[in-house]
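Participant: Got a sequence here, can you build the structure:
(one chain, ligands or ions: 2)
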Amino acid sequence: MNKTIVLASNNAGKIKEFNALLGDMGIDVKPQNEFNVEEAEETGLSFIENAILKARNACAHTGLPALADDSGIEVDYLNGAPGIYSARFAGEHGNNDANNALLLEKLDGVPELERTARFHCVLAYMRHKDDPTPLVFHGVWEGRILTSTEGQEGFGYDPLFYVPECGCSAASLPKEVKNQISHRGKALKQLVSAFQQQSAAQQGTPF
Ligand SMILES: O=c1nc[nH]c2c1ncn2[C@H]1C[C@H](O)[C@@H](COP(=O)(O)OP(=O)(O)OP(=O)(O)O)O1
Ligand SMILES: [Mg+2]
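Facilitator: Residues are numbered from 1 along each chain as shown. Ligands and ions are numbered 1, 2, ... in the order given. Below you'll find the model as predicted:
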């Protein structure tokens, strides 16, 4: 499958994870900044809507198929916040340190069992800007919020996200491990198997 897909993201952490996961499959993903795509406004009220807005924006600017990721963390004690507003939780878009500090502050004194949380990743793949049937996939990763940061890997909320199945924070995991079990890894596996099914059904015409 030698097909160029635009990756509709400006997040360096995500881009690295996509390259690692899709590169191996012969899928060539190029970040949208290589095409000078302007960032889409994330005006949707769900991960699904925002992922579609981002993918459509990248298709419109490049004329190429595009893959977008809208993701975030849902914290039960905060009734699901920051959710779709994860990147702008503390105000300034993408300020991970400020976002993590605010999350710790809001959970100050909350006991471990009430600190449950999960990452969501919604992927939207569109063949062109008017594609009426975007492919949408959703991956979830369960964990809880630590009381202080731990680990140097990953990005975003990873240093505060305790992964029970591994007994450490997401930022303490080697990247290969995170990519296998994370919300993004799970959603990407669904996408890859949908691509494989389509390409088999269309006798070699890839997606
Ligand atoms: O694996 C993850 N590990 C840690 N944190 C994560 C992860 N996955 C999403 N997150 C956080 C980062 C950001 O606060 C928000 C995503 O926001 P989101 O709008 O989807 O991405 P973004 O604005 O950073 O880049 P872009 O929209 O260009 O893809 O959730
Ligand atoms: Mg964003």
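Participant: which ones are touching His120?
Facilitator: Contact analysis of His120 by C-beta atoms under 8 Å, 6 or more residues apart in numbering lists 47, 71-74, 138-140, 183. For glycine as for every other residue, the C-beta is placed from the backbone atoms N, C-alpha and C.
Participant: do Asn19 as well
Facilitator: Contact partners of Asn19, counting by C-beta under 8 Å, 6+ apart, are Val29.
Participant: just Asn10 next, same as before
Facilitator: For Asn10, the contact set (C-beta under 8 Å, 6+ apart) comprises 31-33, 39.
Participant: Check Ala68 too.
Facilitator: Applying C-beta under 8 Å, 6+ apart, we find Ala68 in contact with 7-9, 51-55, 58, 123-124.
Participant: Output those in TSV; the columns should cover neighbour count and pLDDT.
Facilitator: As requested, the contacts of Ala68 are arranged in TSV below (neighbours: other C-beta atoms under 10 Å; pLDDT from 0 to 100):
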residue	neighbour count	pLDDT
Leu7	25	98
Ala8	28	98
Ser9	24	98
Ala51	30	98
Ile52	22	98
Leu53	19	98
Lys54	28	98
Ala55	31	98
Ala58	28	98
Leu123	25	98
Ala124	26	98
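Participant: which ones among those come in contact with ligand 1?
Facilitator: Ser9 (C-beta under 6 Å from any ligand atom).
Participant: Need the phi and psi values for the residue of the chain found nearest ligand 1.
Facilitator: Per C-beta to the nearest ligand atom, the residue of the chain with the smallest distance to ligand 1 is Gly156, at 2.4 Å. Main-chain torsions, Gly156, degrees, to the nearest 10: phi 60, psi -130.
Participant: and what of the one 3 residues further on?
Facilitator: Backbone dihedrals for Pro159, given as degrees, to the nearest 10, come out at phi -70, psi -20.
Participant: again with Gly94
Facilitator: Backbone dihedrals for Gly94, given as degrees, to the nearest 10, come out at phi 80, psi 10.
Participant: swap in Thr4?
Facilitator: phi -90, psi 130.
Participant: So what would you say the end-to-end distance of stretch 40-53 is?
Facilitator: Terminal residues of stretch 40-53 are spaced 7 Å apart (C-alpha to C-alpha, to the nearest Å).
Participant: how about it: buried residues?
Facilitator: 40, 42, 44, 47-53 (16 or more other C-beta atoms under 10 Å).
Participant: Show me what that stretch is in contact with.
Facilitator: The set of residues that contact stretch 40-53 without belonging to it, under C-beta under 8 Å, 6+ apart, is 8, 54, 56-58, 68-72, 84, 120-124, 126, 134, 136, 138.
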